[in-house]
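Enquirer: Starting from these lines, generate the structure:
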Amino acid sequence: MFQFYTSTYGIRAVLWMQGETDTQGPIQAVDPNNVGLRNSWEDRTLRGEDRAPRTAPYSNSGTTEKRYVRNADEYTQKLREIIETSRAKMGGKEIPWIIAQTSYIGFGSFPGVTSPTVVIEGQKVGRFTGLNQLLQGPFTDNIATVNDRIQFDADWPVHFTPTGAAIVADRWFNVLKDVCTNNTLTPVTLQDLGTEPKEVEIASDGQSLIGPDGFSGYNWVNDYGTVNLNNSIAQTRAIATGGNQTSVVRTRSGTAVATSYRSSGTYQVVVQNGLGLPVLTQAVKLPYEIIDDTNDPTPPTSTTGVTCAEAESGNRSAGTDVQSGGNASGGQYVGGFDGASRYVDITVNVGSAGNYPLTFYYASGESGGYIDYSINGGAISRQNITANGAWNQFIAAPTLSVALNAEANTIRVQGGFRFSLDRICLAGGTTPHHPLPHQRADRLPSTSPA
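Expert: Residues are numbered from 1 along each chain as shown. Prediction:
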């Protein structure tokens, strides 16, 4: 997760505020009244990400890790390991760290315990010799009154009240303000990491998606699902003509692999650069809607000759509603077109002014329906439609010819009679910038450890 977010956004600094448990450990490890707690702090084998034993710093015997720190040197060494590992994970770049001084905790019969000679001393940045890009964070042990800490019976635990949290936030603000205004620490950018977003191409025959050249792994993601950076697939992703199918695609090494794919949904490839860091690409929403995931001000283009825009992506009036449907191209469609006051505005781009073929994809459960539409606020035109016997089974209306301006155009589909709208498709057009998918946390890709 650290690799993914740092590679996607860059990083100003890691904020470290920890130490309460290290104050608690030496006390509970010798508690004569609680065998369970004593056992929980016993030394044990230290294991790496692969679960294999690894050499432990300040070990009693090789791989046996001390479960709690006995002195300031041990705390500093353990934190040094974390800092150095974070930098190694990011290709050796000096990720900035800001280290707070925090050790206060309350538990059991020990309210208000601190560790000034072990934890606080171990958190001093001057002890981390040889490491650059470190800054001392706020001191928080003196935020300790009953108004500052949440009280549980006789305990004074680590958690802050709103009053205490405001004090902590203010102290962090003063540190971060200096970092941002005086460039006390140098941020690590996407350019430093070589993880700037890349483009995905649609093949000229419209049959496949092609990831960017020059990367070591191609990990295709469907509908912003899980990314496994250890499971590279192929640079080229075939597009089905309909339904769920299986195809054989060619990998960069020439190996044929079986790949499941769908004719609708959102596709994106996460690649790895020479440092092993993930690089996001533009996302493509099939059929052929380009989603600008790169924040590039240049309007994206379509290479297929046909561009579709989902009805649910437009600006809707009150009364219309987005509904879910498995037969809709994007899994959703717009209904509620009852009367001229109900509409959806959909923006499309074309390279030059002229006449362009336009097709509405609709459903109509009753006969006698029609669609009213207008172009760029002009006169309303009407297209009669035939019923297909369902409200969520979408078919193409007869293709129209519409006059469009160069660049952006607004096509308004407004309340006609007896229809719901899935999408519109324009031959020779390009889609506008789409809201960035990463603005919705529920659509962020998740990652497994690289």
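Enquirer: hey, where'd the strands end up in the stretch 351-450 of the chain?
Expert: 354-364, 370-375, 381-384, 390-396, 400-404, 407-417, 420-427, 446-447 (DSSP state E, counting those that start in this stretch).
Enquirer: The residue nearest to residue 69 when sequence neighbours are not counted - how many residues pack around it?
Expert: The spatially closest residue to residue 69, leaving aside those adjacent along the chain, is residue 75, at 4.5 Å (CB to CB, 6 or more residues apart in numbering). Heads up, the C-betas are built off the backbone N, CA and C, glycines and all. Residues within reach of residue 75, counting by other CB atoms under 10 Å, total 25.
Enquirer: Retrieve the pLDDT associated with residue 75.
Expert: Residue 75 carries a pLDDT score of 94 in this model.
Enquirer: so where's the stretch 151-300 of the chain uncertain?
Expert: For the stretch 151-300 of the chain, residues meeting the criterion pLDDT under 70 lie at 152-157, 204-207, 222-235, 237-265, 286-300.
Enquirer: Show me where it has its strands.
Expert: Using DSSP E, counting those that start in this stretch, strands in the stretch 151-300 of the chain cover 201-202, 208-210, 217-222, 226-227, 236-238, 244-250, 256-262, 265-272, 278-280, 283-286, 289-291.
Enquirer: what's the burial count for residue 384?
Expert: 12.
Enquirer: and it, what is it in contact with?
Expert: 369-370 (CB atoms under 8 Å, 6 or more residues apart in numbering).
Enquirer: The one 5 residues further on too?
Expert: Applying CB under 8 Å, 6+ apart, one finds that residue 389 lies in contact with residue 365.
Enquirer: again, but for the one 3 residues further on
Expert: Neighbouring residues of residue 392 by CB under 8 Å, 6+ apart: 323, 325-328, 333, 363, 420.
Enquirer: Which among the residues you listed count as buried?
Expert: 325, 328, 333, 363, 420 (16 or more other CB atoms under 10 Å).
Enquirer: Not counting its neighbours along the chain, what's nearest the third one?
Expert: Right, residue 333. residue 422 (4.5 Å).
Enquirer: surely that neighbour meets residue 313?
Expert: No. Taking contacts as CB atoms under 8 Å, residue 422 lies outside contact range of residue 313: 11.4 Å.
Enquirer: More neighbours: those two, which one.
Expert: More crowded of residue 422 and residue 313, by other CB under 10 Å: residue 422, with 26 against 22.
Enquirer: Please name the residues that touch the more buried one.
Expert: Contacts of residue 422 (CB under 8 Å, 6+ apart): 310-311, 325, 328-330, 333, 361-363, 394.
Enquirer: gap between it and residue 325?
Expert: According to CB to CB, to the nearest Å, residue 422 and residue 325 sit 8 Å apart.
Enquirer: Check the residue nearest to residue 333 and give its pLDDT.
Expert: So, for residue 422, pLDDT stands at 89.
Enquirer: State the distance from it to residue 120.
Expert: Residue 422 is 62 Å from residue 120, where distance means CB to CB.
Enquirer: In the stretch 351-450 of the chain, where is pLDDT below threshold?
Expert: For the stretch 351-450 of the chain (pLDDT under 70), the answer is 428-450.
Enquirer: Report the beta-bridge partners for residue 113.
Expert: residue 105 (DSSP bridges).
Enquirer: Identify the residues contacting it.
Expert: Counting by CB under 8 Å, 6+ apart, the residues that residue 113 touches are 23-24, 27, 104-107.
Enquirer: Got a PyMOL select line for the buried ones in those?
Expert: Applying 16+ other CB under 10 Å to those, the buried members can be selected in PyMOL as follows:
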select buried, resi 23+24+27+104+105+106+107
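Enquirer: tally of neighbours for the closest residue to residue 377 other than its chain neighbours?
Expert: Distances taken as CB to CB, 6+ apart place residue 410 nearest to residue 377, at 7.2 Å, with adjacent residues excluded. Burial of residue 410 is recorded as 17 neighbouring residues (other CB under 10 Å).
Enquirer: and the strands of the stretch 351-450 of the chain, which is most packed in?
Expert: Neighbour counts (mean count of other CB atoms under 10 Å) averaged over each of the strands of the stretch 351-450 of the chain peak at strand 420-427, with a mean of 24.
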